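J.: What would the 3D arrangement of this be:
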Amino acid sequence: MDCNALKQKKMKRSLQCSFLLILLSFLPGMMHAQCKGFVKKSGLPKLTPFISNGQVQSSQMRPGDNAEIVLSFFSGQDYRIVVTGQPILGNVRFKVKDMQGNVLFNNSESDDVDFFDFRVANSQQLKVEVLVPAYSGDNNIVPNGCVAVIVGFKTEK
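T.: Model prediction:
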């Protein structure tokens, strides 16, 4: 090989690596945008007739993943917690627990509904534990998708 061919090959490799790095730098933003769009299209409508209080947590999750978040609730208020995941993940399970770990709601014992409505007598924090079911597909490509926890409240009439 002559010197020019080596330089061109090196330059081509360098451009490919640069392109790959640029593409990878946009990946987290694209995943965040995917979750944001999913929440807006599929999650927020499930709050009706409740109004979002701004507590929206979303994340990319894979089969077998679990997460726990702590949310604040204020006395005398009616709330709805919606936990929804993209269909590729299957039936996302969730539990609502008090800070002592007592289970207040478990959607697997309630026909896998994706919301929980309740009234808070005293201001408190509650834990929401989310579990994505294990993957049972035939191939080695493990899916990932967006899971969102959205909180809404009801206004007094």
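J.: what comes into contact with the longest strand belonging to the chain?
T.: When the chain is scanned for its longest strand (criterion: DSSP state E), the result is strand 51-61. Residues outside strand 51-61 that contact it (CB atoms under 8 Å, 6 or more residues apart in numbering) are 31, 34-36, 38-39, 43-44, 67, 69, 71, 85, 89, 130, 132, 144-155. Heads up, the C-betas are built off the backbone N, CA and C, glycines and all.
J.: Now, of the residues you listed, which are buried?
T.: Those of the contacts of strand 51-61 that meet the buried threshold are 35, 38-39, 43-44, 71, 85, 89, 130, 132, 144-153, by 16 or more other CB atoms under 10 Å.
J.: Which of those residues fall within helices?
T.: Among those, the members falling in helices (DSSP state H) are 35, 38.
J.: Show me which parts of stretch 104-116 are buried, residue by residue.
T.: Buried, per 16+ other CB under 10 Å, within stretch 104-116: 105, 107, 114, 115, 116.
J.: what helix or strand is the first one on?
T.: Using DSSP states H and E, the element containing residue 105 is strand 103-106.
J.: what distance separates that strand from the centre of its chain?
T.: 20 Å (CA atoms, centre = their mean, to the nearest Å).
J.: can you check stretch 45-56 too?
T.: With CA atoms, centre = their mean, you get 15 Å for stretch 45-56.
J.: Check stretch 83-91 too.
T.: Offset of stretch 83-91 from its chain centre (CA atoms, centre = their mean): 9 Å.
J.: Can you measure across that stretch, start residue to end residue?
T.: Using CA to CA, to the nearest Å, the end-to-end distance of stretch 83-91 comes out at 10 Å.
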